[in-house]
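*Asks:* pasting the structure only:
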DNA sequence: GAAAACCTGTTAAACGTTTCACAGTTAAAC
DNA sequence: GTTTAACTGTGAAACGTTTAACAGGTTTTC
């Protein structure tokens, strides 16, 4: 059915010029006289012509595509990342091919393989585990690659953009301790993932240092519903901790769901620090205190590094480590019980209780 | 830097066969003897060869790519859609190219244009307005196209997958009336968008029919933060309505944010029905009653139709209209004031007040 | 046992671009 | 007024595949 798409040749004939000229009009790599250019543009319009990327790419070897691989397209953190990368890529004239590994190492390899079939100019990948996929390790020499988020920055064979996960754990841990908490649970997704381990390490080390107690880490996976069940189950067999620090946005959701189901009040019965910062977190009566990842910056830095590489930079792999901040809202309650010793007056900013301070500390 | 990627020719030489044979091994379109096939596969592995899609596509004219265009990659509804489409596409051997129009008609045209440059086998598009972009209208003859969500099913030139927006409005409106509400506000995003208009029409008509009152529709745009401001502003100059029906997930967020900031209690001071169904909606003490769109089904139906078209089906454009359901949770309170007349006993399912019934109706 | 049919592999011609080398033509330089 | 340089346009050769047409060799068929 239907007529084939127009080609350079047809446009050239219609405009009465050579195909090289038409190509020049479209690629802009050589100047073309104004009237000729107009003739060409008119002809192209009439045939609703558009350059065939496959042919263009085959001949020029240049792709103007970047592949983006993430572990999960249902996780807002990754889609925010993609959203921002897409904007910047467009600005610089690149298209984006998206692939999801669904947290499966094998699928990851295979998705990466197809991605490479596009001969992309670059790859931005969030590996699903902290071991960089073999196929990427091999390609990294030829192909600009930026690894984001789930990477061990020091070990990486390519540029990396990560947050300071240890610090993130520390910030949350310190804040909780300053608010008088010491009976703290860490809602982790998966302890096999390096960044999560780091967050745990950070939180554990500071809490231990300041209070002598060691927070327990619970693994809730990366599905909110399942996580909620796991956490509910955990709650059944343990006394209620005074605070939970959720280590990912999914576990934040899992914890909140479980607590909501059991009608446990936040922050009166339990304090919460969440992870990531999304609109829904403040669209609640008790707005959520959370560790904010600078998604915009992560995306920007990742794109900038990739662009640099695609433009030919061959310097040593650079790790970029960005910093998180604590978004203080209402979900963390100051414990009134006497602090043990001087520990609560730790380092860092003052307990910054703007919102937290205001709320009545009554327990009902 | 670094060696070029291997080509068919190099693999052929190394395996001591012709390039046609290598091609056959990879495309599987002609059988190849086992020992030869093994030789080829070995050679390919050693050179880490992979078919060049550009060349393959140029020659064969077949792309095995579909373009997916959505208005906003930060909107979970669209990313869920993409996520599901990606899974199914992969299963059927297609890759996905994602583009976002950022709700901008002009950008939409241009993104669509680049998408077409890939010579995709098909397009799934969520237009940003209800007028189908010119470029698509022209292409629809050549190119399998499925229009999703923001379309007027009856007028479309291509297959469409939508929900019954009028019905969605009715369901929410009827439920609110049955719960005793008549002073209702509709939190719309943009009244220029057909589906939103339909939702408004549905809600207005049923509420008017059952109570004689006409709900007011407020336009809050498609950015949650801005929407929250607009709604807060609206709240300042109007008496508090007894219920709000938010017509999109973003306006749901906007309304909740505004209410949270003003410390207006849900459902004691105001009842809410949200739109879409996401984890965060039930991860709250007062879980949100909401109109649930069958995202899975929408994605599935869209993909199935597209696949059919890509396989050569040339029948008339089919509109698929899916149905929403009300997810009753705790954010809608039963009003105790005497119902005006018999109106509240309308049609449809009983006021189904499982969760809503339980909560104390005290106003504090 | 010859003809037909079937396998399996090869040769070579595209596909629609980009881009190099070149050819006119005009402008600048001396 | 000739030589150089600068500008614009064209011809034609790739790029790495797919695929029709064909060529042997083996098997089937009558």
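*Replies:* Okay, I see it. Note that the coordinates shown come from a computational prediction; the quantities given were computed from them, not determined experimentally. Numbers count the residues shown, from 1 in each chain, chains lettered A, B, ... in the order given.

*Asks:* The strand or helix carrying residue A:40: which residues count as buried?
*Replies:* Using DSSP states H and E, residue A:40 sits in helix A:34-46. Using 16 or more other Cβ atoms under 10 Å in any protein chain shown as the test for burial, helix A:34-46 gives A:36-37, A:39-41, A:43-44. Just so you know, the C-beta spots here come from the backbone N, C-alpha and C atoms, and that holds for glycine as well.

*Asks:* farthest pair in these?
*Replies:* Farthest-apart pair in the buried residues of helix A:34-46 is A:36 and A:44; separation 12.4 Å (Cβ to Cβ).

*Asks:* Between the buried residues of helix A:34-46, which sits nearest DNA strand D?
*Replies:* DNA strand D lies nearest to residue A:36 out of those, by Cβ to the nearest atom of the strand, at 4.1 Å.

*Asks:* I'd assumed residue A:18 was in contact with the closest one.
*Replies:* No: using Cβ atoms under 8 Å, residue A:36 is not in contact with residue A:18; the gap is 10.3 Å.

*Asks:* Give me the distance between residue A:164 and residue A:293.
*Replies:* Distance, residue A:164 to residue A:293, using Cβ to Cβ, to the nearest Å: 10 Å.

*Asks:* The two: which is more packed in?
*Replies:* Set side by side, residue A:164 and residue A:293 show more neighbours around residue A:293, with 24 against 18, by other Cβ atoms under 10 Å in any protein chain shown.

*Asks:* overlap in contacts of residue A:164 and residue A:293?
*Replies:* Shared contacts of residue A:164 and residue A:293, defined by Cβ atoms under 8 Å, 6 or more residues apart in numbering or on different chains, comprise A:322, A:324.

*Asks:* Test for you: state the pLDDT assigned to residue A:2.
*Replies:* You'll see residue A:2 listed with a pLDDT of 47.

*Asks:* now do residue A:6
*Replies:* 89.

*Asks:* dump the residue contacts of the nearest residue to it once chain neighbours are set aside.
*Replies:* In space, residue A:6 comes closest to residue A:47 once its chain neighbours are excluded; the distance is 3.7 Å by Cβ to Cβ, 6 or more residues apart in numbering or on different chains. Applying Cβ under 8 Å, 6+ apart, one finds that residue A:47 lies in contact with A:6, A:10-11, A:14.

*Asks:* hmm, back to that, how about the helix or strand following the helix holding residue A:40, does it reach DNA strand D?
*Replies:* Note on helix A:34-46: by DSSP H and E, the next helix or strand toward the C-terminus is helix A:53-60. Yes: interface with DNA strand D: helix A:53-60 contributes A:55, A:58-59 (Cβ under 7 Å from any atom of the strand).

*Asks:* Tell me which residues of helix A:53-60 come out buried.
*Replies:* For helix A:53-60, using 16+ other Cβ under 10 Å, the buried residues are A:53-58.

*Asks:* cool, and stretch A:211-224?
*Replies:* Buried, per 16+ other Cβ under 10 Å, within stretch A:211-224: A:211, A:215, A:217-224.

*Asks:* Which of the residues you listed fall within strands?
*Replies:* Counting by DSSP state E, the buried residues of stretch A:211-224 place A:217-219 in strands.

*Asks:* just the strands in the stretch 201-350 of chain A please.
*Replies:* Ranges of strands in the stretch 201-350 of chain A, per DSSP state E, counting those that start in this stretch, are A:216-219, A:243-246, A:271-275, A:289-292, A:319-322, A:325-327.

*Asks:* Would you mind telling me which of those strands is nearest DNA strand D?
*Replies:* Short answer: strand A:319-322, nearest of those by Cβ to the nearest atom of the strand, at 33.5 Å.

*Asks:* just to revisit the earlier point, of the strands of the stretch 201-350 of chain A, flag the one that's most buried.
*Replies:* strand A:243-246 (a mean of 31; mean count of other Cβ atoms under 10 Å in any protein chain shown).

*Asks:* start to end distance for stretch A:61-81?
*Replies:* Counting by Cα to Cα, to the nearest Å, you get 28 Å between the two ends of stretch A:61-81.

*Asks:* Quick one: mean pLDDT over it.
*Replies:* 93.

*Asks:* so how far is chain B from residue A:233?
*Replies:* Going from residue A:233 to chain B by Cβ to the nearest Cβ, to the nearest Å gives 17 Å.

*Asks:* Could you double-check that residue A:17 sits in contact with residue A:40?
*Replies:* Yes: here residue A:17 reaches residue A:40: they are 6.3 Å apart, a contact under Cβ under 8 Å.

*Asks:* Does residue A:192 belong to a helix, a strand or coil?
*Replies:* Following DSSP: H, G, I helix; E, B strand; the rest coil, residue A:192 is assigned to coil.

*Asks:* How many residues are close by it?
*Replies:* Neighbours of residue A:192 using other Cβ under 10 Å come to 12.

*Asks:* quick one, what contacts it?
*Replies:* Counting by Cβ under 8 Å, 6+ apart, residue A:192 has contacts A:129-130.

*Asks:* try the one 4 residues further on
*Replies:* Under the criterion of Cβ under 8 Å, 6+ apart, the contact list for residue A:196 reads A:165, A:188-190, A:247-248.

*Asks:* Mind pulling up the pLDDT for the nearest residue to residue A:292 once chain neighbours are set aside?
*Replies:* Leaving aside its sequence neighbours, residue A:292 sits nearest to residue A:277 (Cβ to Cβ, 6+ apart; 4.0 Å). The model reports residue A:277 with a pLDDT of 91.

*Asks:* domain assignment for chain A?
*Replies:* Domain segmentation of chain A under automatic domain parsing yields A:8-51, A:63-163+A:295-322, A:165-293+A:325-358.

*Asks:* As a markdown table, those domains with distance to DNA strand D would be great.
*Replies:* Below are the domains of chain A laid out as a markdown table (distance: least, Cβ to the nearest atom of the strand, whole Å):
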| stretch | distance to DNA strand D |
| --- | --- |
| domain A:8-51 | 3 |
| domain A:63-163+A:295-322 | 9 |
| domain A:165-293+A:325-358 | 36 |
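
*Asks:* Any chance of the ones you listed in JSON lines with distance to residue B:139 as columns?
*Replies:* Shown next, in JSON lines, are these (distance: least, Cβ to Cβ, whole Å):
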{"stretch": "domain A:8-51", "distance to residue B:139": "8"}
{"stretch": "domain A:63-163+A:295-322", "distance to residue B:139": "18"}
{"stretch": "domain A:165-293+A:325-358", "distance to residue B:139": "36"}
